[in-house]
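J.: just a sequence and a predicted model for now, questions to come.
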Amino acid sequence: MTFRLRAARPADLEHLYEMAKLTGGGFTNLPPDRAALNSKLERAAAAFTREGDTLADELFVLVLENARTGAVRGTCQLMTKVGQRWPFYSYRLNTLTQYSQELDRTVRAELLSLVTDLEGSSEVGGLFLHPNERAGGLGLLLARSRYLFIAMHRARFADRILAELRGIIDERGGSPFWDGVAGRFFGMNFQEADYFNAINGNQFIADLMPKHPVYIAMLGEDARSVIGVPHPSGRAAMRMLELEGFRHDGYVDIFDGGPTMVAHTDQVTSVRDAVHAKVTDVTATEGERAILATGHLGTFRACFGARLLDGEGGIAIDSASADLLDVCEGDRVWSVGR
């Protein structure tokens, strides 16, 4: 395995742009726009260079690199405190129960309410793996390395963390949910709204969106059937999030109706189970399969490897991962079992 995760740099702009063109829409955190991507890289550079253990509105961008060729084949992002520049809107699914004594009948209506409940949370998102690399578990490396980064820099993240999964997008690149709900008020199709949001933020939602709850029974079947349903390409990601301790608490994306998964940061499996240890050997030929990470902020790097924990604060790792991480005996690494 020659792949490792590292902090993104300004020179990665073209790599990110080429991957962004492959997303197929509905991928707000990775827009196919050089200016927007460059802005993300500038924010990430500021976050990676800021020292201190205070929580602020920051963005970290990581990239998956083939260490042998230098090719960048994947990316992911961590937002430390959402809803600070503009409100972080979600729809919340809830139920209104009404009873008529005269009819002796109880009626329950499902509603979508526009809320900012998740404001101030951290977010993991922007995960994309090049289609030619979607084998060998690299998606797992991208996803779980983010949680090691959080464990290594815990004070820079909130106590609650969320992940938004892309909702159903049809063969035309449209969203049945958008067409059935918000699209009726905005005079633009999903692709236009999604792109505008990716570049400018969603303040226009606050300006134009009706604040009254939406009765789900009044939506068309196409829109109703996709509420809280992930895009087929995101089902594996949803299962992975569930294994990490995330749950769907009834929040859905305001654009495509995809599920928003939520967890307590310290209860995320890969954060809770992360081990910090001193390297005692870099020639291990066997051991537990693990994700290994080292570095601090801008020098962060992570890869697959093997580990042997000695129970006394020491860890033996294989030579290949030691090379990828550029560590030797006496250095310290973080790890979590696969």
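T.: Nice, I can see it.
J.: residue ranges with poor pLDDT in this protein?
T.: 1, 24-26, 201-203, 205-206 (pLDDT under 70).
J.: looking at it, which residue ends up farthest from its center?
T.: Glu102 (50.0 Å; Cα atoms, centre = their mean).
J.: tell me which residues of stretch 322-338 are tucked away?
T.: For stretch 322-338, the neighbour count (16 or more other Cβ atoms under 10 Å) marks 322, 324-325, 327, 333-336, 338 as buried. Any C-beta I mention is one placed from the backbone N, CA and C, and that applies to glycine too.
J.: again, but for stretch 108-116
T.: 110-115.
J.: turn these into TSV, including distance to Met79 and secondary structure.
T.: Converted to TSV, the buried residues of stretch 108-116 look like this (distance: Cβ to Cβ, whole Å; DSSP: H, G, I helix; E, B strand; the rest coil):
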residue	distance to Met79	secondary structure
Glu110	29	strand
Leu111	28	strand
Leu112	24	strand
Ser113	23	strand
Leu114	20	strand
Val115	18	strand
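J.: how about those residues in JSON lines, adding distance to Ser225?
T.: As requested, the buried residues of stretch 108-116 are exported to JSON lines (distance: Cβ to Cβ, whole Å):
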{"residue": "Glu110", "distance to Ser225": "13"}
{"residue": "Leu111", "distance to Ser225": "17"}
{"residue": "Leu112", "distance to Ser225": "14"}
{"residue": "Ser113", "distance to Ser225": "20"}
{"residue": "Leu114", "distance to Ser225": "21"}
{"residue": "Val115", "distance to Ser225": "22"}
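J.: what is the nearest of those residues to Gly167?
T.: Leu112 (13.1 Å; Cβ to Cβ).
J.: across the sheet, point out what pairs with the closest one.
T.: Leu93, Val214 (DSSP bridges).
J.: the one 10 residues further on too?
T.: Applying DSSP bridges to Ser122 gives these bridge partners: Ile161.
J.: burial of it, as a residue count?
T.: Look at Ser122: counted by other Cβ atoms under 10 Å, it has 21 neighbours.
J.: from memory it sits against Leu78, does it?
T.: Yes - under the criterion of Cβ atoms under 8 Å, Ser122 makes contact with Leu78 at 7.0 Å.
J.: related to what we said a few turns ago, and the gap between the residue farthest from the centre of the chain and Ala217?
T.: Separation of Glu102 from Ala217 (Cβ to Cβ, to the nearest Å): 22 Å.
J.: same question for Gly174.
T.: In terms of Cβ to Cβ, Gly174 sits 23 Å off from Ala217.
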